[in-house]
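>>> quick check, what structure comes out for this input:
(chains A and B, ligands or ions: 3)
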Amino acid sequence: MTLPPPIVQVRGLTRRFGTGCPACPELTGPAAETNQCPRCRSVTACREVSFELHSGEVLGIVGESGSGKSTVVRLLHFDLAPTAGEYRLNLNGAAAAGLPWLEPGQNLFELGPHQRRQLRNRLMGIVYQNPLLGLRLKVTAGGNIAERLLMAGWRRVERMRERAADLLARTEVPVERMDELPRHFSGGMQQRVQIAKALSTDPAVLLLDEVTTGLDVSVQARVLDLIRSLQRELQIATIVVSHDLGVIRMLTTRTLVMRYGGIVEQGLSDQILEDPQHPYTQLLVNSTL
Amino acid sequence: MLTVEKLEKQFVSHVLNGKEILGFSPVSFSVPQATALGLSGPSGTGKSSVLKCIYRTYVASAGTIRYHSGAGDWVDLTLLPENELLRLRRAEMGYVAQFLSVLPRVSAVDTVAEPLLADGVPREEARDRARRLLARLGIERSLHDAYPATFSGGEKQRVNLARAVIRPPRLLLLDEPTASLDPGSLQVVLDLLLELKAAGTTLVAIFHDRSIMDRLMDAVYRMPEKGGETGQLATRTSSHET
Ligand SMILES: Nc1ncnc2c1ncn2[C@@H]1O[C@H](COP(=O)(O)OP(=O)(O)O)[C@@H](O)[C@H]1O
Ligand SMILES: [Mg+2]
Ligand SMILES: [Zn+2]
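Ligands and ions are numbered 1, 2, ... in the order given. Okay, the predicted model is just below:
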């Protein structure tokens, strides 16, 4: 029984904020119970994070605020540069076709800025908790999507408008609001526009960072239902970051648990929820029941 | 096709300062393909936990669970990489939990059709088959498009069962799936399970209903008492369909 290789492979991903000192690795992380080095005050936001994401899989990352979840996602989206680590993509023919310079097995963190941008624009979609990070609020909803398509190499305006209308319809944003500014939209609708934008280029990897955090419960439910149905339909390899175990339960099949920048436990999502092994995961699960 | 050997489970609660709670005492049994094994024993002896270890919702503390997969190789379900286990779950395992968890805001027909959709069956055909199975299990037509969250216990159980068997699994794990069924529904479920078994499905199941145990099971494994010796595997002679 051989499964195809994982689409994403991450090894030893580490990001430190601050100058760092030789004691940082020892004095930070889950065992040290802090992410800040008491000697040099540097913060190791994530450390030695390794995992694989398989095609069509939805992987959860859970942990309290500050545990390093968003840092991991931003590193994968090239929003941040890592202090150390390796990041590899195994693309299928179609996704690889537009990127002839990409060597199989290449560590993406070694690429130049232009190539990284191209990878991001063509292969990745991201949805941030804060719509301000993912949307330009003074550009229309349709314009936001068109900008993204432009970056991915689309050129014909008519086609881009069609694509934007199609995506907005699928994410349940009334198409007649396509030419309005997202800053007039509700929080839930802004998230749906972000999702439409992230999906517009048919990404190989989708990154969702606390997409429903801060929304009203009923709005949350609607956005989660939307993500679930898009997942079923599109089967995009996805990383779902959330501090909310309910979101993890509903969307993911496998989960990493992070604390103080490190992975303390990983497993099938139902196992993480029903038979957590690590003391921290037990605390997390017990405090939400 | 399934051989459980010296399987043990202890829960270590770090919230309670490392307190150990015994899930079950060592369990060993073997289930031939296309047969049904019943787990019996007083409540608290760990029957549900055994099923959860097989499905890997629980992490086994010791022992092996060897499974002969559809691809023809023997794998140890306690050690199999997560992604391969997930693939097995999707392709050939079904599990109906004792405590019902239905997907929120998904209609009964879509809940049942989902495994078919994941297999690439066209939507209309999948929903059609889901409706027919729900109807066979006595779920009224008017409920098919409603949310199971609002259903009675017995109706929820039948929706969960339908979801688990709409695509007949090679291995079916059942945890008291008939606990709140009336006698009529019970007979329908029993007939369905006998059909699945005749078509090749292997079952490991917990039923509190003696008559189902008698009619469905080829063997019964009596769970060891907590802290006791290993349990007893008894093959039944009267179990075959008459
Ligand atoms: N730009 C930055 N400069 C300094 N520290 C940062 C920066 N970004 C994140 N951090 C720190 O890194 C740690 C992890 O943060 P983050 O990845 O946002 O966690 P999470 O998403 O799990 O809440 C936190 O201690 C945070 O304060
Ligand atoms: Mg965050
Ligand atoms: Zn330091």
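
>>> packing partners for the host helix or strand of residue B:95?
Using DSSP states H and E, residue B:95 sits in strand B:93-96. With contacts defined as 3 or more C-beta pairs under 8 Å, 6 or more residues apart in numbering or on different chains; DSSP states H and E, the secondary structure elements packing on strand B:93-96 are helix B:47-55, helix B:153-165, strand B:171-175. Placement of C-beta: from N, CA and C, glycine included.

>>> dump the shortest one to PDB, restricted to CA.
Translated: strand B:171-175. What follows is strand B:171-175, C-alpha atoms only, in PDB (Å, rounded to 0.1, in the frame of the first residue of the first chain):
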ATOM      1  CA  LEU B 171     -14.800  -4.000   8.400                       C
ATOM      2  CA  LEU B 172     -17.700  -2.600  10.400                       C
ATOM      3  CA  LEU B 173     -17.500  -1.600  14.000                       C
ATOM      4  CA  LEU B 174     -20.800  -1.200  15.800                       C
ATOM      5  CA  ASP B 175     -21.200   0.200  19.300                       C
END
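
>>> quick check, that strand touching chain A?
No. Strand B:171-175 stays clear of chain A (C-beta under 8 Å from any C-beta of the partner chain), getting no nearer than 12.9 Å.

>>> quick check: mean pLDDT across the next helix or strand after that strand?
Using DSSP H and E, the helix or strand that follows strand B:171-175 towards the C-terminus is helix B:183-198. Helix B:183-198 carries an average pLDDT of 94.

>>> before we move on, what about stretch A:22-29?
Computed over stretch A:22-29, the average pLDDT equals 97.

>>> buried residues, that stretch. List them.
For stretch A:22-29, burial by neighbour count (16 or more other C-beta atoms under 10 Å in any protein chain shown) applies to A:24, A:25, A:27, A:28, A:29.

>>> the residue nearest to residue A:179 when sequence neighbours are not counted: neighbour count?
Ranked by C-beta to C-beta, 6 or more residues apart in numbering or on different chains and with sequence neighbours excluded, the top spatial neighbour of residue A:179 is residue A:140, at 4.9 Å. Neighbour count for residue A:140, taken as other C-beta atoms under 10 Å in any protein chain shown: 17.

>>> picking that back up, export the buried residues of stretch A:22-29 to JSON lines and tack on secondary structure and distance to ligand 3?
Shown next, in JSON lines, are these (DSSP: H, G, I helix; E, B strand; the rest coil; distance: C-beta to the ion, whole Å):
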{"residue": "A:24", "secondary structure": "helix", "distance to ligand 3": "4"}
{"residue": "A:25", "secondary structure": "helix", "distance to ligand 3": "8"}
{"residue": "A:27", "secondary structure": "helix", "distance to ligand 3": "6"}
{"residue": "A:28", "secondary structure": "coil", "distance to ligand 3": "7"}
{"residue": "A:29", "secondary structure": "strand", "distance to ligand 3": "12"}
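
>>> what is the most widely separated pair among the residues you listed?
The distance between the two most remote of the buried residues of stretch A:22-29 (C-beta to C-beta) is 9.2 Å, for A:24 and A:29.

>>> can you pull out the strands in chain B?
B:2-13, B:19-31, B:36-40, B:62-68, B:74-76, B:93-96, B:171-175, B:202-206, B:219-222, B:232-235 (DSSP state E).

>>> mind giving me the packing neighbours of the first one?
Strand B:2-13 is packed against strand B:19-31, helix B:47-55, strand B:62-68, with contacts defined by 3+ C-beta pairs under 8 Å, 6+ apart.

>>> picking that back up, quick check: which of the buried residues of stretch A:22-29 are also close to chain B?
Under the cut-off given by C-beta under 8 Å from any C-beta, chain B has nothing from the buried residues of stretch A:22-29 close to it.

>>> low-confidence ranges, chain B, go.
Chain B contains residues with pLDDT under 70 at B:237-242.

>>> just want the residue of it that's nearest ligand 3.
Closest contact between chain B and ligand 3, by C-beta to the ion, is at residue B:14 (28.5 Å).

>>> ok, back up a step: single out the most deeply packed of the helices and strands packed on strand B:2-13.
helix B:47-55 (a mean of 24; mean count of other C-beta atoms under 10 Å in any protein chain shown).

>>> list the contacts of that one.
A:274-275, B:2, B:4, B:7, B:9, B:23-24, B:27, B:39-41, B:58-60, B:65, B:77-78, B:89, B:93, B:95, B:98, B:171, B:173-175, B:204, B:206, B:223 (C-beta atoms under 8 Å, 6 or more residues apart in numbering or on different chains).

>>> from residue B:179, how far off is residue A:280?
According to C-beta to C-beta, to the nearest Å, residue A:280 stands 35 Å off from residue B:179.

>>> tell me which of those two has more neighbours.
Per other C-beta under 10 Å, whichever of residue A:280 and residue B:179 has more neighbours is residue A:280, with 20 against 15.
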